[in-house]
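Novice: quick one, fold the following:
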Amino acid sequence: MSTTAKQVMDIRTSKGVGASSNEELRNWTDRGWDQAMKEGNYDRSRERLNFEILNGRIVPLQKSHSLSDRMAENLAARGIKDPNEGLEDPKYRTVVNFIFGGSTDRMRELAFGSQKVDFDSKNGNGHVRRMPEIEEWARDIYDFVAGKWGEDNILAFIVHLDEKNPHIHCSLLPIDKNNKFAYKKLFAGKDVIDYKKRSIALHDELAKVNEKWGLFRGASITETGARHRSTEDYRRWLAEECDSLARQKANAERALLDLNVELAIAEKKHKSFTTMIENLKREKDDLERELDSLRELQKNSQSVSAGIVQKIQSLENQKAIVEGKLADKVAKLNETDQLLDKLRQDKDEIERMADEMEQRANDSELSWAQNMSYHLNSVMADTMASEFMTRYPKLPDDFKLAFDGTLLEELAEEGNHIVQVAICLVCGYVDDATTIAKTHGGGGGGSKSGWGRSPKDDDREWARRCLARARAMCAPANGRRRKK
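Specialist: Presented below is the predicted three-dimensional model:
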């Protein structure tokens, strides 16, 4: 077995369970599954292999029990109030979403052993069975989460084997021992440095659990200085993500148009059957009144004419025909009602998926804009610093006095190191910022205790504070200005 397989743990927060419940529970209609397989890497023939761990027991996915219902029941049973309840725009991070997994080959080996699986197929692996190793690995991860944050706080622990890489979705309530929501206390820490230390420690702890399963701790970004994506890779990925989401949204909109046509036809049928049923009921009522009249006449007559008997028989036959038609139309109306219900459910689901893709597209476009803005600002700052550095020495001394003590003077004298240090601070790389500052003659800015982004800082204020700190860090330790 290879020792190069790496563990994976991704952590994201949300202000409630959001729209993830249907996806995680695979609670889709047939049409929803068709759409999901068209747009994603899902294999419906392996969906039966998915499972969840509920109160320590391995069970099939409890699709009828949504994550929002689970959260409400969990909090109610413990007498805890959801801080987002009643807020038009939720603002508190009440759910921590984990994805646990590992290198693809090793995870597939745990899930399927040596079985032949076509991972490009969307519905052709009906022969595949689930291996006990994936269940045992999932139990170990479940015990790790329960032991660290409390089993009562595990909202859902779902294992997906119907995608290309088997993995766990774990939704956790960040509630402390005092039954209070405490995300910052349990996860974020007091500042970005504390959060960074906690994250590294958490990966180390998980590695001890995963080691027996052949999944090992990778080197951290802090240790290697590596990035998951280069700037160009990230730019390309964001562009592709935006294009992909736009295509998915367009496909959903086309599916919605087709569905609306089906709905219109079904609603027209529903109206037609309703009208026919009303007409047949009136016809039946008329026949019954006429029959009642003839039977009353027959009852009170001394002698019954052959004409009355024949008329009664004819009306009885007509009534039987009308009742047959009525029963047929009622059955067809019921079928149409069921079809309408299904079409409306499909419509709701596709609209939800379209809204979700639109939100994801908007988020990706925003990330793209922020990424480009970040690099553009960096290039502009470097360019302005370079241009001023070449011109400043040529200025007359009386002109230089006008820039005394300004950032422009510092940039001219010290190069663009201030900009580099400021960028490191914005990204949270305080150690790197200190190294750059000291390497170029700076004093490092004194104590860094308590340094970090305040919750009240917006992006502009945070950037301003980082720039001010960068200037202090790049200043000589003895407080003397460099010789010109």
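Novice: low-confidence stretches in the stretch 51-200 of the chain?
Specialist: 191-193 (pLDDT under 70).
Novice: so which residues of it form helices?
Specialist: 67-78, 104-112, 132-149, 183, 192-210 (DSSP state H, counting those that start in this stretch).
Novice: of these, which stretch is the most buried?
Specialist: helix 104-112 (a mean of 21; mean count of other CB atoms under 10 Å). Yep, even glycine has a C-beta here, placed from its N, CA and C like the rest.
Novice: walk me through the domains of this protein.
Specialist: 7-226, 250-372, 395-474 (automatic domain parsing).
Novice: which residues sit in contact with the residue nearest to Y195 when sequence neighbours are not counted?
Specialist: With CB to CB, 6 or more residues apart in numbering as the criterion, Y195 has its nearest non-adjacent residue at 4.8 Å, and that residue is G189. If you count contacts by CB atoms under 8 Å, 6 or more residues apart in numbering, G189 has them with 195, 197-198.
Novice: and the gap between G189 and D285?
Specialist: Distance, G189 to D285, by CB to CB, to the nearest Å: 77 Å.
Novice: for K208, see how far away the residue nearest to Y195 is.
Specialist: 21 Å.
Novice: so who does V128 touch?
Specialist: Contacts of V128 (CB under 8 Å, 6+ apart): 45-46, 49, 112, 115, 117.
Novice: now it: how far from R48?
Specialist: Counting by CB to CB - V128 and R48 are separated by 9 Å.
Novice: mutual contacts of these two, please.
Specialist: Joint contacts of V128 and R48 (CB under 8 Å, 6+ apart) do not exist.
Novice: so how do I select the buried members of the contacts of V128 in PyMOL?
Specialist: The PyMOL command for the buried members of the contacts of V128 (criterion: 16 or more other CB atoms under 10 Å) is given here:
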select buried, resi 45+46+49+112+117
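Novice: ok, T13 touching Y92?
Specialist: No - in this structure, T13 is not within contact of Y92 by CB atoms under 8 Å, at 9.9 Å.
Novice: what sits in contact with each of the two?
Specialist: Y183.
Novice: sorry, back to before: need the helices of the stretch 51-200 of the chain in CSV (columns: distance to H167).
Specialist: Shown next, in CSV, are those (distance: least, CB to CB, whole Å):
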stretch, distance to H167
helix 67-78, 17
helix 104-112, 7
helix 132-149, 10
helix 183, 23
helix 192-210, 13
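Novice: of all those, which one comes closest to G324?
Specialist: The closest of the helices of the stretch 51-200 of the chain to G324 is helix 67-78. By CB to CB, the value is 45.2 Å.
Novice: so what does the closest one touch, helix or strand wise?
Specialist: helix 20-25, strand 154-160 (3 or more CB pairs under 8 Å, 6 or more residues apart in numbering; DSSP states H and E).
Novice: centre of the chain to it, how far?
Specialist: With CA atoms, centre = their mean, to the nearest Å as the basis, helix 67-78 stands 20 Å off its chain's centre.
Novice: okay, angle between it and strand 154-160 too, please.
Specialist: Computed by axes from the mean of the first three to the mean of the last three CA atoms, to 10 degrees, the angle separating helix 67-78 from strand 154-160 equals 150 degrees.
Novice: what does helix 67-78 contact?
Specialist: 16-17, 20-21, 24-25, 81-82, 94-95, 152, 155-156, 171, 173, 175, 179.
Novice: does Q298 touch I308 like I think?
Specialist: Yes - Q298 is within contact range of I308, at 5.6 Å (criterion: CB under 8 Å).
Novice: run through the stretch 251-400 of the chain and note the low-pLDDT ranges.
Specialist: Ranges of the stretch 251-400 of the chain meeting pLDDT under 70: 251-252, 302-304, 353-389.
Novice: returning to that earlier point: so which of the contacts of G189 comes closest to D140?
Specialist: Comparing the contacts of G189 against D140 with CB to CB places R198 closest, at 21.4 Å.
Novice: the closest one and R217, how far apart?
Specialist: 15 Å.
Novice: got the phi and psi for the residue nearest to Y195?
Specialist: phi 80, psi -170 (degrees, to the nearest 10).
Novice: that one and C427, how far apart?
Specialist: Counting by CB to CB - G189 and C427 are separated by 17 Å.
Novice: likewise for G442?
Specialist: Relative to C427, and taking CB to CB, G442 is found at 18 Å.
Novice: next: P83.
Specialist: 30 Å.
Novice: ok, E52 next?
Specialist: Counting by CB to CB, the gap from E52 to C427 is 37 Å.
Novice: more crowded one of the two?
Specialist: E52 (23 against 13; other CB atoms under 10 Å).
Novice: nearest residue to that one in space, please, no chain neighbours.
Specialist: I158 (4.5 Å).
Novice: which residues touch the one you found?
Specialist: 24-25, 50-52, 61, 168-170.
Novice: which of the residues you listed sits closest to R465?
Specialist: Closest to R465, out of all of the contacts of I158 and judged by CB to CB, is C170, at 35.4 Å.
Novice: and the closest one, bridged to which residues?
Specialist: Listed beta-bridge partners, C170: F98, F157 (assigned using DSSP bridges).
Novice: quick one: it and F98 touch, right?
Specialist: Yes - between C170 and F98 there is a contact under CB under 8 Å: 4.1 Å.
Novice: mutual contacts of those two, please.
Specialist: V145.
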